[in-house]
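K.L.:
Would you be able to build a 3D model of this:
(one chain, ligands or ions: 1)
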Amino acid sequence: MTALQRPWLNKQLPLEERVETLLSAMTLEEKIGQMWQVHDPKDQHDQNVREGRIGSFLNVPRDQLARLQRIAVEESRLGVPIVAGRDVIHGYRTLFPIPLGQAASFNPETVRLGAKIAAREASAAGIHWTFAPMVDISRDPRWGRIAESLGEDPVLASRLGVAMVEGFQGDDPAAPDSIAACVKHYVGYGAAEGGRDYNTALIPESELRNVYLPPFRACAEAGALSFMSAFNDLNGVPTSGNPHTIRNILKTEWNYPGMVVSDWCSITEMINHGYACDEAEAAQRSIAAGVDLEMVSESYRNHAAGLLRAGKLRQEWIDDAARRVLRMKFVLGLFDNPYPAPATPEIFLCEPHLQAARRAATESCVLLKNNGALPLSPSGLKRVAIIGPLANAGADQVGCWAMDARGEDSQTPLAALRQSLPSTVVLDYSPGVPSSRSVDTTGFAEAIAQARAADVVLLFLGEEALLSGEAHSRAFLTLPGSQQQLLEAIAATGKTVVLVIMAGRPLVLTPVLPHASAVLYAWHPGTMGGPALADLLLGKESPSGKLPVSFPVMEGQIPAYYNKRNTGRPPSDESRGLPQGTPLDPVGFSANYIDGDHLPLFPFGFGLSYTRFEYQNLTLKSSDVRAGGVIEASIELRNAGSMPATETVQLYVRDLFASLTRPVRELKDFQRVTLAPGETRVVAFKLPAEQLAFYDNEAKRHLEAGDFKLWIGGDSRCTNEAAFRLLA
Ligand code: BGC
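P.N.:
Below is the predicted model of the structure:
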């Protein structure tokens, strides 16, 4: 075919016309070819590409991709380019904090910039498409992939998910430094029973629509170019063969024009689920459900044509799948510019990228406890002991899903503190234990001796990178290995202990708190974790992170999410603070534990700073609102301390009585506010009444008249409240 015979290459034509003209020129085999994504560029694939039998690759290095692209564009019958994907989850070479850490910033601007920088670096490596954001609501810290999530709240995950989509795709996904986003894992993957990865999820339709679907919908509406179906079985139907969620909700109800890729072999894994008896049936179910592109496994390639001929598939489903893959390629500009721009390795880890990563890490750290030990005042220090397996662990501080990071690129806390502390301060360092999981205690003696000699101990404990992420769920959430022992041994010296925790999930901190004067939770903070932590520890910055997920007192409380329902016998306040493990008489036959607290150790939204924020005068403009109206609420926020600092002001509501029981609180909005010492500001919110609506189990949306409560404050247990009524 000559260029003249390829009208779809004409950039002046409208997008849909280009797609349809190309689609109508394709054979059935070529359409099915667009529906396969391959991960290993073996030699035989050159011929497959030449024959138009592969639509996409993942994890292919830039030079190999350029070669395959040349074959696709110049040697295949229709010249359809390949789209190349890779997991660029929280950065390419410059790593930002893990997504859960970024979520603690409550800052869409920061998250958007992180994704933009990831896109810039990834596109320079020839990548067109990332498999992010992951917007699975995660209420279970045992689940290793909570690290990759944006936390437990649908409003927070929606806002930050959208920010990531915008960052990756930019104003124009075809721009050379933009890449396509992929919203995953559709849907319910984070509700894995027992927090065990890949496990069954049972989610009633109302909960699906009120909690799990909103971030996906928000990202779809923000123009995310693709979705990924998940591994899990949802209510008995694997999500990669689920017509209800994909074809009905996503493609029909939401009218989503983008493309749906399966997860890695999740189509053929439906045989293990017991939902398809063989590859052919798996292909039939997934194509019927609306999964357009098969990642890695080969069921479409091997069976789609036969299934069509046997009348088990509709031609329109194949057309729909191929059309969506092609549409994404057109929107990405691949037909117009199939080859990567000349390599620009100088942008990797360039100064602006590092500074943005440093800011993101600073904003993501959450101060959980401080009895005055922080910030450190360097002028009073003569000798500091830096102890712990994560003080100087460049590869671990970037966390999971950092395929292209290099440990040596990380700036560790040890290196950063060496630079930031005055040269007069003597600095001793020892890891104490060889790794976070190690039970070896031979390094204790050196660490204890250093602690004894120091004015203050900075202890860096937590989880190394491989303790979270895919297939890395944990059943025990206390500090792994002998770290608790190390902490206690160091604390026994009587020295002030400042504890920094790096981890991919909320850990159970109950046994930790009594031994540390201050606890700063750094998640896995990324390449620039060291300088960010030095800034925070030394008071150049005040912590501003807030928890995007509740921290349990002990594993038995899980799930400990804040937006639960009240029950008919709500847990009583008398049972608060029951010592863990002490069986007491049941307190009033209510929903308590008899041997432990029912409330989490730290609630969703919690986080301290180096100042004190005071809230007063919560005001509602009107205590009545009608459908279509807006609730206008405001509060005075004062920085009552002596440092400038940023507070995330959060607005929660409760629908007191409804035709379906509603959560005791739901976050509806939040704002980050920076105040100088002594400054007061009125923080105002406008909440559209429509946001009070909810779905029932028949997927019907309700906006019900009645009484509501509203709170504004610094975490999900805030106490400034007001009441309003939604009028009929
Ligand atoms: C993960 C996805 C990821 C894919 C490709 C799967 O195992 O679940 O999140 O995008 O692999 O690497």
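K.L.:
secondary structure element for Asp320?
P.N.:
helix 315-331 (DSSP states H and E).
K.L.:
so what does that helix touch, helix or strand wise?
P.N.:
For helix 315-331, the packing partners by 3 or more C-beta pairs under 8 Å, 6 or more residues apart in numbering; DSSP states H and E come out as helix 15-25, helix 28-33, strand 83-86, strand 259-261, helix 279-289, helix 299-309. C-beta here means a position set from N, CA and C on the backbone, and glycine is covered the same way.
K.L.:
For Ala360, list the residues it contacts.
P.N.:
Taking C-beta atoms under 8 Å, 6 or more residues apart in numbering, we find Ala360 in contact with Phe96, Pro97, Gln102, Ser105, Thr110, Val111, Leu113, Gly114, Gly526, Met528.
K.L.:
same thing but 6 Å
P.N.:
Phe96, Pro97, Thr110, Gly114 (C-beta atoms under 6 Å, 6 or more residues apart in numbering).
K.L.:
That one: what secondary structure?
P.N.:
Following DSSP: H, G, I helix; E, B strand; the rest coil, the label given to Ala360 is helix.
K.L.:
Relative to the ligand, how far out is it?
P.N.:
Taking C-beta to the nearest ligand atom, to the nearest Å as the measure, Ala360 falls 21 Å from the ligand.
K.L.:
Do you know the pLDDT at that residue?
P.N.:
As predicted, Ala360 sits at a pLDDT of 99.
K.L.:
same question, Pro342
P.N.:
85.
K.L.:
Just to be sure, it is in a helix?
P.N.:
No - secondary structure of Pro342 (three-state DSSP): coil, not part of a helix.
K.L.:
neighbours around it, how many?
P.N.:
6 (other C-beta atoms under 10 Å).
K.L.:
Looking at the stretch 601-728 of the chain, which residue is nearest the ligand?
P.N.:
Closest contact between the stretch 601-728 of the chain and the ligand, by C-beta to the nearest ligand atom, is at Phe604 (24.5 Å).
K.L.:
Check the secondary structure at the spatially closest residue to Ala454 that is not a sequence neighbour for me.
P.N.:
Once flanking residues are discounted, Ala454 sits nearest to Ala385: 3.8 Å by C-beta to C-beta, 6 or more residues apart in numbering. Taken by three-state DSSP, the conformation at Ala385 corresponds to strand.
K.L.:
Quick check, Ala385 in contact with Ala451.
P.N.:
Yes - using C-beta atoms under 6 Å, Ala385 is in contact with Ala451, at 5.0 Å.
K.L.:
Which strand or helix spans the nearest residue to Ala25 once chain neighbours are set aside?
P.N.:
Leaving aside its chain neighbours, Ala25 sits nearest to Leu78 (6.1 Å; criterion: C-beta to C-beta, 6+ apart). Element membership of Leu78, judged by DSSP H and E, is empty: it is in no helix or strand.
K.L.:
quick one: Leu78 and Gln44, what's the gap?
P.N.:
Leu78 is 21 Å from Gln44, where distance means C-beta to C-beta, to the nearest Å.
K.L.:
and those two? which has more neighbours close in?
P.N.:
Each of Leu78 and Gln44 had its neighbours counted (other C-beta under 10 Å), and the higher figure belongs to Leu78 (17 against 8).
K.L.:
any idea how far the residue lying closest to Cys718 once chain neighbours are set aside lies from Phe602?
P.N.:
Leaving aside its chain neighbours, Cys718 sits nearest to Trp711 (5.2 Å; criterion: C-beta to C-beta, 6+ apart). Distance of Trp711 to Phe602, given as C-beta to C-beta: 18 Å.
K.L.:
so what sits against both of Ala385 and Ala451?
P.N.:
Val457.
K.L.:
which of these two has more neighbours?
P.N.:
Just comparing Ala385 and Ala451: by other C-beta under 10 Å the higher neighbour count belongs to Ala385, 28 against 25.
K.L.:
residue contacts, that one?
P.N.:
For Ala385, the contacting residues are Asp428, Gln450, Ala451, Ala454, Val457, by C-beta under 6 Å, 6+ apart.
K.L.:
In contact with the third one, which residues?
P.N.:
Spelled out, it's Ala451. Ala385, Val457, Ile490, Thr493, Lys495.
K.L.:
Any chance of a markdown table for the residues you listed, columns distance to the ligand and pLDDT?
P.N.:
Below are these laid out as a markdown table (distance: C-beta to the nearest ligand atom, whole Å; pLDDT from 0 to 100):
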| residue | distance to the ligand | pLDDT |
| --- | --- | --- |
| Ala385 | 40 | 98 |
| Val457 | 39 | 98 |
| Ile490 | 38 | 98 |
| Thr493 | 44 | 98 |
| Lys495 | 43 | 98 |
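K.L.:
Strands - which of those residues land there?
P.N.:
The strands, defined by DSSP state E, take in Ala385, Val457 from the contacts of Ala451.
K.L.:
Show me the two of the contacts of Ala451 that sit farthest apart.
P.N.:
Spatially, the most separated pair among the contacts of Ala451 is Ala385 and Thr493, at 9.3 Å (C-beta to C-beta).
K.L.:
Tell me how many other residues crowd the residue in the stretch 1-150 of the chain positioned nearest to the ligand.
P.N.:
Taking C-beta to the nearest ligand atom, the ligand has its nearest neighbour within the stretch 1-150 of the chain at Phe131, 3.3 Å off. By the criterion of other C-beta under 10 Å, Phe131 has 24 neighbours.
K.L.:
Give me the pLDDT value at it.
P.N.:
pLDDT, Phe131: 98.
K.L.:
cool, Asp40 as well?
P.N.:
83.
K.L.:
Could you list the contact residues of the stretch 151-300 of the chain toward the ligand?
P.N.:
Lys184, Asp263, Trp264 (C-beta under 6 Å from any ligand atom).
K.L.:
scratch that, the chain is what I was asking about
P.N.:
Asp87, Phe131, Lys184, Asp263, Trp264, Glu470.
K.L.:
Test my guess that the third one contacts Met134.
P.N.:
Which is Lys184. Yes - Lys184 is within contact range of Met134, at 5.3 Å (criterion: C-beta under 6 Å).
K.L.:
Would you mind telling me which of those two has more residues around it?
P.N.:
Met134 (28 against 24).
K.L.:
on that earlier part again, select only the buried ones of the contacts of Ala360 in ChimeraX?
P.N.:
To isolate in ChimeraX the members of these that are buried, counting by 16 or more other C-beta atoms under 10 Å, one can use:
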select :96,97,110,114
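K.L.:
Quick check: phi and psi on the residue of the stretch 451-600 of the chain at minimum distance from the ligand?
P.N.:
Residue nearest to the ligand within the stretch 451-600 of the chain: Glu470 (5.5 Å; C-beta to the nearest ligand atom). Main-chain dihedrals, Glu470, degrees, to the nearest 10: phi -60, psi 140.
K.L.:
what do you get for the one 3 residues further on?
P.N.:
In this entry, Ser473 is assigned phi and psi values of phi -80, psi 150 (degrees, to the nearest 10).
K.L.:
Just give the number of residues close to it.
P.N.:
By other C-beta under 10 Å, 23 other residues sit near Ser473.
K.L.:
got a list of what it touches?
P.N.:
Listed by C-beta under 6 Å, 6+ apart, the contact set of Ser473 reads Arg142, Trp143, Gly144, Gly195, Arg196, Asp197.
K.L.:
Quick one: the helices in the stretch 401-550 of the chain, in order.
P.N.:
413-420, 444-453, 483-491, 529-537 (DSSP state H, counting those that start in this stretch).
K.L.:
how close does Arg665 sit to Arg725?
P.N.:
Arg665 is 18 Å from Arg725, by C-beta to C-beta.
K.L.:
On the pLDDT front, check the residue nearest to Ala25 for me.
P.N.:
98.
K.L.:
Low-confidence stretches in this structure?
P.N.:
Within the chain, the ranges that satisfy pLDDT under 70 run 1-4, 575, 577, 584-587.
K.L.:
give me every residue that touches the most centrally placed residue in it.
P.N.:
Among the residues of the chain, Ser149 comes closest to the average C-alpha position under C-alpha atoms, centre = their mean, at 2.5 Å. Ser149 sits next to Leu100, Met134, Asp136, Ser138 when contact means C-beta under 6 Å, 6+ apart.
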